[in-house]
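S.K.: Attaching a predicted model along with its sequence, questions to come.
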Amino acid sequence: MKYLKIYLYLPFLLSSLFLSCEDKNASYIQVPSSIVITPVNSILKPNESIQLYSLVIDKNNSKIDEPEVVWSSTNELVASVNQKGLVTTKSKGSVTIIATVGTIQGMAEIVVSTTRRRVLSEMFTSST
(Lines give C-alpha, C1' and ligand atoms only; values in the text may rest on other atoms or scores of the structure.)
Protein backbone atom coordinates (compact mmCIF):
# COMPACT_ATOMS: atom_id res chain seq x y z
CA MET A 1 0.00 0.00 0.00
CA LYS A 2 2.86 2.31 0.83
CA TYR A 3 4.43 1.72 -2.60
CA LEU A 4 1.11 2.28 -4.30
CA LYS A 5 0.95 5.84 -2.94
CA ILE A 6 4.46 6.53 -4.16
CA TYR A 7 3.60 5.27 -7.66
CA LEU A 8 0.48 7.42 -7.71
CA TYR A 9 2.33 10.60 -6.73
CA LEU A 10 5.46 9.96 -8.78
CA PRO A 11 3.98 11.02 -12.16
CA PHE A 12 2.71 14.29 -10.63
CA LEU A 13 6.07 15.02 -9.06
CA LEU A 14 7.97 14.30 -12.26
CA SER A 15 5.60 16.32 -14.43
CA SER A 16 5.80 19.32 -12.11
CA LEU A 17 9.58 19.03 -12.13
CA PHE A 18 9.76 19.05 -15.94
CA LEU A 19 7.20 21.81 -16.33
CA SER A 20 8.98 24.09 -13.89
CA CYS A 21 12.32 23.76 -15.66
CA GLU A 22 13.15 26.55 -18.06
CA ASP A 23 16.08 26.79 -20.42
CA LYS A 24 17.35 30.32 -19.84
CA ASN A 25 20.03 29.86 -22.49
CA ALA A 26 17.50 28.94 -25.15
CA SER A 27 17.48 31.33 -28.06
CA TYR A 28 14.98 31.88 -30.78
CA ILE A 29 15.70 32.80 -34.35
CA GLN A 30 15.06 36.46 -34.98
CA VAL A 31 13.46 36.96 -38.38
CA PRO A 32 13.91 40.50 -39.73
CA SER A 33 10.70 42.35 -40.55
CA SER A 34 11.96 45.88 -41.20
CA ILE A 35 15.09 47.98 -41.58
CA VAL A 36 15.32 51.64 -40.64
CA ILE A 37 18.18 53.65 -42.16
CA THR A 38 19.38 56.92 -40.64
CA PRO A 39 19.70 59.53 -41.92
CA VAL A 40 16.90 58.90 -44.43
CA ASN A 41 17.59 61.93 -46.65
CA SER A 42 20.85 63.78 -47.11
CA ILE A 43 22.12 66.56 -49.34
CA LEU A 44 25.86 66.46 -49.90
CA LYS A 45 28.50 68.01 -52.12
CA PRO A 46 30.65 65.89 -54.44
CA ASN A 47 33.55 64.14 -52.69
CA GLU A 48 31.91 64.16 -49.25
CA SER A 49 31.15 61.19 -47.03
CA ILE A 50 28.37 60.34 -44.63
CA GLN A 51 27.93 57.36 -42.32
CA LEU A 52 24.56 55.61 -42.58
CA TYR A 53 23.26 53.40 -39.78
CA SER A 54 20.79 50.55 -39.93
CA LEU A 55 18.36 49.39 -37.28
CA VAL A 56 16.98 45.92 -38.01
CA ILE A 57 13.74 44.97 -36.25
CA ASP A 58 12.32 41.45 -35.96
CA LYS A 59 8.69 40.34 -36.05
CA ASN A 60 8.43 40.82 -32.26
CA ASN A 61 9.55 44.49 -32.60
CA SER A 62 12.91 43.67 -31.00
CA LYS A 63 16.23 44.98 -32.25
CA ILE A 64 18.40 42.38 -33.95
CA ASP A 65 21.97 42.71 -32.67
CA GLU A 66 24.76 42.58 -35.25
CA PRO A 67 22.73 41.64 -38.33
CA GLU A 68 24.56 40.92 -41.57
CA VAL A 69 23.60 43.99 -43.58
CA VAL A 70 24.52 44.18 -47.27
CA TRP A 71 24.82 47.78 -48.49
CA SER A 72 24.43 48.81 -52.13
CA SER A 73 24.05 51.92 -54.30
CA THR A 74 21.61 52.33 -57.18
CA ASN A 75 24.09 54.57 -59.01
CA GLU A 76 27.80 54.04 -58.35
CA LEU A 77 28.63 57.06 -60.56
CA VAL A 78 26.88 59.39 -58.08
CA ALA A 79 27.80 57.69 -54.77
CA SER A 80 29.26 54.45 -53.52
CA VAL A 81 28.76 52.72 -50.19
CA ASN A 82 31.02 50.27 -48.38
CA GLN A 83 29.81 47.31 -46.32
CA LYS A 84 29.92 49.38 -43.13
CA GLY A 85 27.42 51.92 -44.51
CA LEU A 86 29.90 54.69 -45.30
CA VAL A 87 28.67 56.61 -48.36
CA THR A 88 31.14 58.56 -50.51
CA THR A 89 29.71 60.94 -53.09
CA LYS A 90 31.33 61.27 -56.50
CA SER A 91 29.31 63.48 -58.82
CA LYS A 92 26.06 65.46 -59.01
CA GLY A 93 22.83 63.50 -59.07
CA SER A 94 20.60 61.47 -56.80
CA VAL A 95 21.06 57.95 -55.56
CA THR A 96 19.29 55.47 -53.35
CA ILE A 97 21.39 53.57 -50.83
CA ILE A 98 19.88 50.19 -49.97
CA ALA A 99 20.52 48.10 -46.85
CA THR A 100 19.47 44.46 -47.23
CA VAL A 101 19.10 41.71 -44.64
CA GLY A 102 17.75 38.53 -46.21
CA THR A 103 14.77 39.66 -48.27
CA ILE A 104 14.07 42.83 -46.24
CA GLN A 105 15.33 46.21 -47.46
CA GLY A 106 15.65 49.72 -46.09
CA MET A 107 16.48 52.76 -48.19
CA ALA A 108 18.03 56.21 -47.87
CA GLU A 109 18.04 58.96 -50.49
CA ILE A 110 21.19 60.96 -51.17
CA VAL A 111 21.22 64.09 -53.33
CA VAL A 112 24.62 65.29 -54.52
CA SER A 113 24.57 68.94 -55.53
CA THR A 114 26.52 72.16 -55.09
CA THR A 115 23.69 74.65 -55.70
CA ARG A 116 20.92 72.98 -53.74
CA ARG A 117 23.01 72.86 -50.61
CA ARG A 118 23.84 76.53 -50.96
CA VAL A 119 20.16 77.42 -51.39
CA LEU A 120 19.22 75.46 -48.27
CA SER A 121 21.97 77.09 -46.22
CA GLU A 122 20.85 80.54 -47.37
CA MET A 123 17.26 79.72 -46.42
CA PHE A 124 18.27 78.95 -42.85
CA THR A 125 20.70 81.86 -42.43
CA SER A 126 18.76 84.59 -44.26
CA SER A 127 17.63 87.52 -42.12
CA THR A 128 14.66 88.40 -44.34
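M.R.: Nice, thanks for sending it over. Numbers count the residues shown, from 1 in each chain.
S.K.: which residues of the protein score low on pLDDT?
M.R.: Counting by pLDDT under 70, the chain shows low-confidence ranges at 1-27, 116-128.
S.K.: Tell me who's in contact with the nearest residue to residue 114 once chain neighbours are set aside.
M.R.: When the adjacent residues along the chain are set aside, residue 114 lies closest to residue 45, with 5.8 Å between them (Cβ to Cβ, 6 or more residues apart in numbering). No exception for glycine: its C-beta is placed from N, CA and C like everyone else's. Contacts for residue 45 were tallied using Cβ atoms under 8 Å, 6 or more residues apart in numbering; they are 89, 112, 113, 114, 117.
S.K.: Narrow the residues you listed to just the buried residues.
M.R.: Among the contacts of residue 45, those scoring as buried are 89, 112, 113 (criterion: 16 or more other Cβ atoms under 10 Å).
S.K.: any idea how far residue 84 lies from residue 46?
M.R.: 21 Å (Cβ to Cβ, to the nearest Å).
S.K.: Pick out whichever of those two has more residues nearby.
M.R.: residue 46 (15 against 10; other Cβ atoms under 10 Å).
S.K.: Confirm for me that the more buried one is in contact with residue 89.
M.R.: Yes: here residue 46 reaches residue 89: they are 5.4 Å apart, a contact under Cβ atoms under 8 Å.
S.K.: Can you check which residues contact both of these two?
M.R.: residue 112.
S.K.: picking that back up, torsion angles phi and psi at the residue nearest to residue 114?
M.R.: Main-chain dihedrals, residue 45, degrees, to the nearest 10: phi -90, psi 160.
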